[in-house]
Every structure is written in C-alpha cells, then in structure tokens.
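Engineer: Show me how the following folds:
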Amino acid sequence: MAQNKDLTHNRLADEKFHTDFAKGIAYGDYLSLGELLSAQNLRSTAHDEMLFVVIHQCSELWMKLMIHELTAAVSLLQDDQLRPAFKMTARVSQIQDQLTQSWGILATMTPTDYLSFRDTLGAASGFQSFQYRTLEFMMGNKDRKFLALHRDRPEWHDALEAVLNAPSLYDETILLLGRKGFAIDASERDRDWSEPRDANDSVRAAWVEVYRNPEKYWDLYEWAEELIDLEDAFQTWRFRHRTTVERVIGFKRGTGGTTGVGYLKRALEIRFFPELWEARTEL
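Structural biologist: Coordinates of the predicted model:
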C-alpha cells in the first residue's frame, strides 16, 4: 500500500514539474516549432511533395549552421588561432555527411513520384539557393554571375556580394602561410578576392614543406588535413546529389534552367584547395 502511495506521489510530482515548467519558456517556443512545422506549404496533393520540401528545408537549416561555423573559423584564422578552428571545420565535415545521407532518403522517391508534382515547382531550383552559393564562395569557388539570381532579394544579394568580395577560407589560409614565414607570391597575398584563383606554385611549395616536416609545422599540418576532410565531404555531397538527380530525372533539364546532371558533373571537377591535392604528387 505504501509503495502504491509513493508511486502516486512521484507521478503527481512529475506532473507538477511539467506544469511548473510550462510557466517558463517551453520546448516548442524555444525552437519556434509553430512557425517551423507550418512552413511546409505544399502546392499539390502528391504524397511525395512533403518529402521533397522537408529534405530541402532541412538542408537549408544545415547550411545555415555550416555558414555559422565557417564564418567563425575565418575569424579565428585572421587572429592566427588555428587550433580552435579545427573543431569548427570538423563539425562542417560531419554536417556534410548528414547532407549526403539525406540524398539517400530523397532517392526513395521514384521518377513517377517526382513527376506527380514537378510542374508545381515552376522555376524553383536548388541552383537558386542563396545559402549554397554562400558556402561555395566561402570555400573559394567565386563567380560574380550568380549574384544576379538574387537581385530581387536585396538582403540576400548584398550579403552574398559581401562574401564574394571577402577572402575565402582558403584565401585566409594562404595569408596565414605568409605570416608563418612561407614565401607566398605577392599576387596571392594582395588580389581581387572576388575573382576565382588558379593553383599557385608558391602555395603548393609551402604545403609540400609542411607535409615533409609535420613535427615543425604540426598545426598547419593538421589544418591541411582538416581542409582535405572538408573538401572530400563536400565533393561526396556533390556526387551523391548528382547520382540522385540522375536516378530521379535522368538527363532532363533542371527546373531552374540548368543542364541538370551535366551541370552537377561539371561541379565535381572544381577544386577548392588545389595545391593541397597537388602537393601529394610531389611528396
């Protein structure tokens, strides 16, 4: 009898705890779940449109976190603080793994499933993602023509233009190599950051030196591997994107007007950190 009384008391205590907790900020309010869970504005009655919308909304949230982490990493590099930046880039690589896995979920949608609502997308396309383009620019793949996609949204256009005109994560890394005493060409230390760059001999030579003397340059050595992890994860995400698109729509043109799979294949040829890959051949 006493045991039953104790159980009843504990249950009432638990209920009181939850009731009292409601007087403070609640879980749903903290996460703005009302707005978040009502943001799936479907434009058809097709069952798989919910899947399509949720996957892409989740991807945008993950990209927001990636931008947050890379922005902090760039700031640390500017202050010559490499070690705290390791965690941030490692986190971004893990996020990329999550995004890669999400393509497997989307691939459960057959071509017939997708065609049941594709017409409702109009010209909407992931190609137009402001956050994805921000990530590309932050990683070093600069191309001014993509600003035009956002001219109707000044807040996005201006933010993206600021990223275009600022040194990328790799630009900041090259500047750091110069501050660490490596003979980096002046053209790499003072240039138009909005322009794409080609591989540079002096930067490649610096990385070869780092890899040949890891004990002397341990932080740079570890940072180089963090960057390789980051690009490897990014390329895996791109590759899985390409194969998923080909699986669902074949070689049709993308809704945003791109060549679809052809565009995605060309993206796989882009290197963010070319000298880091080239250095491996010289070791």
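
Engineer: Residue 211 contacts residue 279, correct?
Structural biologist: Yes - using CB atoms under 8 Å, residue 211 is in contact with residue 279, at 6.0 Å. Where you see a C-beta, it was placed from the backbone N, CA and C, and this is true even at glycine.

Engineer: Neighbour count: those two, which is higher?
Structural biologist: Taking other CB atoms under 10 Å, residue 211 and residue 279 do not tie; residue 279 has more neighbours (21 against 18).

Engineer: which other helices and strands contact the helix or strand harbouring residue 88?
Structural biologist: Applying DSSP states H and E as the criterion places residue 88 in helix 82-106. Here helix 82-106 touches helix 49-78, helix 218-249, going by 3 or more CB pairs under 8 Å, 6 or more residues apart in numbering; DSSP states H and E.

Engineer: count of neighbours near residue 243?
Structural biologist: There are 14 residues near residue 243, going by other CB under 10 Å.

Engineer: And residue 151, by the same measure?
Structural biologist: With other CB under 10 Å as criterion, residue 151 counts 9.

Engineer: Please look at it and residue 161 and confirm they touch.
Structural biologist: No - the criterion here is CB under 8 Å, and residue 151 misses it with residue 161 at 10.4 Å.

Engineer: Isn't residue 239 up against residue 269?
Structural biologist: No - using CB under 8 Å as the test, residue 239 is too far from residue 269 to be in contact (11.5 Å).

Engineer: Which pLDDT value does the model give the residue nearest to residue 69 when sequence neighbours are not counted?
Structural biologist: Distances taken as CB to CB, 6 or more residues apart in numbering place residue 88 nearest to residue 69, at 4.4 Å, with adjacent residues excluded. We note a pLDDT of 96 for residue 88 in this prediction.

Engineer: and what of residue 214?
Structural biologist: 97.

Engineer: circling back: please identify the buried residues of the helix holding residue 88?
Structural biologist: Judged by neighbour count (16 or more other CB atoms under 10 Å), helix 82-106 contains these buried residues: 82, 85-86, 88-89, 91-93, 95-96, 99-100, 102-103, 106.

Engineer: ranges for the helices of the stretch 101-250 of the chain?
Structural biologist: With DSSP state H, counting those that start in this stretch as the criterion, the stretch 101-250 of the chain has helices at 111-115, 130-139, 154-165, 169-179, 186-189, 201-212, 218-249.

Engineer: Can you point out the buried residues in the fourth one?
Structural biologist: Of the residues in helix 169-179, those buried by neighbour count under the rule 16+ other CB under 10 Å are 169, 170, 171, 172, 173, 174, 175, 176, 177, 178.

Engineer: Thanks again, I'm all set now.
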